[in-house]
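My questions concern the predicted model and sequence given below.
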Amino acid sequence: MASFLSRFTSQRATWVPIAVGSVAVAASLYYTNANKSPLANETPVTFKGDDQWIDLKLVKSVEISPDTRHFYFALPSADHKSGLITASCLLAKYVTEKGNNVVRPYTPISDVEQKGQLEFAIKRYPTGKFGNHLFSLKENDTVSFKGPIVKWEWTPNQFENVTLIGGGSGITPLYQLLHEITKNPEEKTKINLVYGNKTPGDILLKKDIDSIAEKYSDRVKVHYFVDKAEGDWKGETGFITKDWLNKNVPHPDASHQVFVCGPPPLYEAISGNKVSPSDQGELTGALKELGFTKQNVFKF
């Protein structure tokens, strides 16, 4: 220590080079930091809403029902996240042999903060061009995506009660909401999920949904409907009706928001169909008859 202090208490000639060196180091650090991008330490985002198509490689696909698979796509790097928010979707595109573009919207089921991969649960319909194309893909094949397309920007505790009514593959945006709300420890929102399918085997994401319902049983209630009961089925059998909704979900109120997603017959019975992606159309069906207003219901 004494030796170190002597360098600063001896002759000026000894002190000056040290001072100059210190200034040089400081200047160098300033230059480096001043020219360093402020975003260098931020998580890179894949989709920025800039209308750019981005090719993602298929990592794997896993069957989760007779006509549905869980698809895993790799983001550009292990550090990338998607850039989606809840609730939003992406457009997917492929080009046919004749050079025609086929474009469909798909909602990921992976957490919006997940890094490295993007996951989808996608059902194949007999005449569905895109579903059949996806089911034909092999590992490392690519699909073009762009977005995100924001459907509803969820903020914590936006409503006291949320009812999610879905059918078939329409579960994906509803699951996105269910997952987002329950993962936040600050959330107090209560959720009723009403989900219809043809058979118990067609219920998508059931394991994940049941896990959430069990963990947050004080706030989450799940009601499954099937057209045809099988085995020791303990859920509801038949259609989701006005009378059932009246008895089992909160009544119309400004603090209660309903979200609907499913095939056209579900919309027709429950809320009425959308006119277009940007036009919700008029509210009709069971929710209208129960006293809900257009402001209380959102159709994905």
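Happy to help now that I have it. Quick caveat: nothing in here was measured; it's all calculated off a predicted structure. Numbering: from 1, shown residues only.

CA atoms for contacts and neighbours, from now on please.
Noted.

and after the longest strand along the chain, which helix or strand comes next?
Ranked by number of residues, the top strand in the chain under DSSP state E is strand 54-65. The C-terminal neighbour of strand 54-65 among helices and strands, as given by DSSP states H and E, is strand 68-74.

Output the contacting helices and strands for whichever helix or strand comes after that next one.
Counting by DSSP H and E, the next helix or strand C-terminal to strand 68-74 is strand 88-95. Here strand 88-95 touches strand 101-106, strand 142-150, going by 3 or more C-alpha pairs under 8 Å, 6 or more residues apart in numbering; DSSP states H and E.

got the buried residues for strand 88-95?
88-94 (16 or more other C-alpha atoms under 10 Å).

now stretch 126-141
For stretch 126-141, a neighbour-count test (16+ other C-alpha under 10 Å) marks 130-131, 134-135 as buried.

List the ones among these that fall in helices.
Per DSSP state H, helices hold the following members of these: 130-131, 134-135.

ok now do the residue lying closest to Glu63 once chain neighbours are set aside, which residues does it touch?
Leaving out its chain neighbours, the residue that sits closest to Glu63 by C-alpha to C-alpha, 6 or more residues apart in numbering is Arg69, at 4.3 Å. Going by C-alpha atoms under 8 Å, 6 or more residues apart in numbering, Arg69 touches 61-63, 121-123, 135.

Might you list the low-confidence residue ranges for the protein?
For the chain, the stretches flagged by pLDDT under 70 are 1-40.

Could you break it into its assigned domains?
Under the assignment the TED database, the domains of the chain span 53-150, 161-299.

Please identify which of the ones you listed is closest to Glu42.
domain 53-150 (9.7 Å; C-alpha to C-alpha).

okay, the buried residues of stretch 126-141 in TSV with distance to Pro108 next?
Below are these laid out as TSV (distance: C-alpha to C-alpha, whole Å):
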residue	distance to Pro108
Phe130	16
Gly131	15
Leu134	15
Phe135	17
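
quick one: which of those is nearest Leu290?
Closest to Leu290, out of all of the buried residues of stretch 126-141 and judged by C-alpha to C-alpha, is Gly131, at 35.9 Å.

so what's the nearest residue to the closest one once chain neighbours are set aside up against?
Among residues not flanking Gly131 along the chain, Arg124 sits closest, at 4.6 Å (C-alpha to C-alpha, 6+ apart). Contact analysis of Arg124 by C-alpha under 8 Å, 6+ apart lists 67-68, 131-132, 135.

Looking at the residues you listed, which is nearest Asn184?
Thr68 (28.8 Å).

Now do the same contact list for the residue lying closest to the closest one once chain neighbours are set aside.
Closest residue to Thr68 apart from its sequence neighbours, by C-alpha to C-alpha, 6+ apart: Lys123 at 4.1 Å. Under the criterion of C-alpha under 8 Å, 6+ apart, the neighbours of Lys123 are 67-69, 131, 169.

Can you turn the buried part of the contacts of Arg69 into a PyMOL selection?
PyMOL command restricting those to the buried ones, with burial defined by 16+ other C-alpha under 10 Å:
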select buried, resi 61+121+122+123+135
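
what's the spacing between Glu214 and Leu205?
From Glu214 across to Leu205, the span is 14 Å (C-alpha to C-alpha, to the nearest Å).

who has more neighbours, these two?
Leu205 (18 against 13; other C-alpha atoms under 10 Å).

before we move on, back to that, of the helices and strands packed on strand 88-95, which is nearest Asp50?
Nearest of the helices and strands packed on strand 88-95 (C-alpha to C-alpha): strand 142-150, 7.3 Å.

which strands and helices sit next to the closest one?
strand 54-65, strand 88-95.

out of those strands, which comes closest to Glu230?
Using C-alpha to C-alpha, the nearest of these to Glu230 is strand 54-65, at 15.0 Å.

Would you mark the buried spots in that closest one?
Using 16+ other C-alpha under 10 Å as the test for burial, strand 54-65 gives 54-61, 64-65.

Spell out, range by range, the strands that occur in this structure.
54-65, 68-74, 88-95, 101-106, 117-123, 142-150, 161-167, 190-197, 220-226, 236-237, 256-261, 297-299.

any chance of the ones you listed in a markdown table, plus distance to Lys288?
As requested, those are arranged in a markdown table below (distance: least, C-alpha to C-alpha, whole Å):
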| stretch | distance to Lys288 |
| --- | --- |
| strand 54-65 | 33 |
| strand 68-74 | 32 |
| strand 88-95 | 26 |
| strand 101-106 | 27 |
| strand 117-123 | 30 |
| strand 142-150 | 25 |
| strand 161-167 | 14 |
| strand 190-197 | 17 |
| strand 220-226 | 21 |
| strand 236-237 | 23 |
| strand 256-261 | 12 |
| strand 297-299 | 10 |
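
Looking at those strands, spot the one closest to Pro44.
Using C-alpha to C-alpha, the strands of the chain put strand 117-123 closest to Pro44, at 12.9 Å.
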